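**Q** Sharing a model that was predicted from the sequence below.
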Amino acid sequence: MGDIRVFRNAAQLAALPADTTAVKGDDVVDRDLEDIHDLDSLSVVYLDGCSNLTDAALVHVARIRKLEELYVTGDGITDDGLATLSGCRDLVEFGLDAPISGEGFRHLEGLPSLAELHLPMCPKLDPANLPILAMLPVLTKLGFYSCRRMTDGWLDRIAGITGLRALELRNCPEVSRERIQRLSGEIPGLVVDRT
């Protein structure tokens, strides 16, 4: 991973070294990402702590030719906004900290390389939408972080993701050890990390 830099406008973004793969800052807004696709060597993008981002930011990021990893924070990112990522065929790893319900996971179904999905906080995630993830053809790792609303019932819905090999449940206190053990039996080869 390259340097983490805060940029405030497109001119600063264009001046970043080619190996820079991450930006951080609450003052980053959608228009700051308009030229991000011009950084030809970019394959990993971290937009951490950028809570002002909306679906428009995803439009800019989705134009990166060889996007393999994307981590984005944005209070204005919606389920419908995930549709813009449907053309990111090289995307292997995706982390999203946004107030989505999970209905938008259906837009990720056509991503042939998406193997890892990381979902911190999950403030509005509806567990009824978790079975949609079973449609992701190569999803093998799923992570939930500080999802205090997550219960054993969520794992009932995850049980249908039979290709899952790794499940991270960090700081999800309402999930019982007993249900985790049962899930491990329901999905052969699953390793659950609850650290």
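**A** Sure, I can see it. Residues are numbered from 1 along each chain as shown.
**Q** Ala128: what's its closest spatial neighbour, skipping adjacent residues?
**A** Once flanking residues are discounted, Ala128 sits nearest to Arg157: 7.1 Å by Cβ to Cβ, 6 or more residues apart in numbering. Glycine gets a C-beta too; all of them are placed from N, C-alpha and C.
**Q** Can you check the pLDDT for that neighbour?
**A** Per-residue pLDDT puts Arg157 at 97.
**Q** Three-state assignment for it, please.
**A** Under DSSP: H, G, I helix; E, B strand; the rest coil, Arg157 falls in the helix class.
**Q** My guess is it contacts Asp126. True?
**A** No. Arg157 is beyond contact range of Asp126, at 9.8 Å (criterion: Cβ atoms under 8 Å).
**Q** With neighbour numbers in mind, choose between these two.
**A** A count of neighbours by other Cβ atoms under 10 Å puts Arg157 above the other of Arg157 and Asp126, at 18 against 15.
**Q** how close does the more buried one get to Met150?
**A** Distance check for Arg157 against Met150: by Cβ to Cβ, to the nearest Å, it reads 11 Å.
**Q** Under the pLDDT cut-off, which ranges of this protein? List them.
**A** Applying pLDDT under 70 to the chain flags residues 1-22.
**Q** just the helices in it please.
**A** Here the chain has its helices, by DSSP state H, at 10-14, 55-61, 152-158, 177-186.
**Q** Tabulate these (JSON lines), appending distance to Phe105.
**A** Below are the helices of the chain laid out as JSON lines (distance: least, Cβ to Cβ, whole Å):
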{"stretch": "helix 10-14", "distance to Phe105": "29"}
{"stretch": "helix 55-61", "distance to Phe105": "14"}
{"stretch": "helix 152-158", "distance to Phe105": "12"}
{"stretch": "helix 177-186", "distance to Phe105": "19"}
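**Q** For Leu108, which of these is the nearest?
**A** If you check each of those against Leu108 by Cβ to Cβ, helix 55-61 wins as the nearest, at 11.8 Å.
**Q** residue boundaries of the strands in this structure?
**A** 4-5, 22-24, 44-48, 69-73, 93-97, 116-120, 141-145, 166-170, 191-193 (DSSP state E).
**Q** what sits opposite the residue nearest the centre of the chain in the beta ladder?
**A** Using Cα atoms, centre = their mean, the residue of the chain that lies closest to the mean C-alpha position is Gly95, 2.2 Å off. For Gly95, the beta-bridge partners under DSSP bridges are Tyr71, His118.
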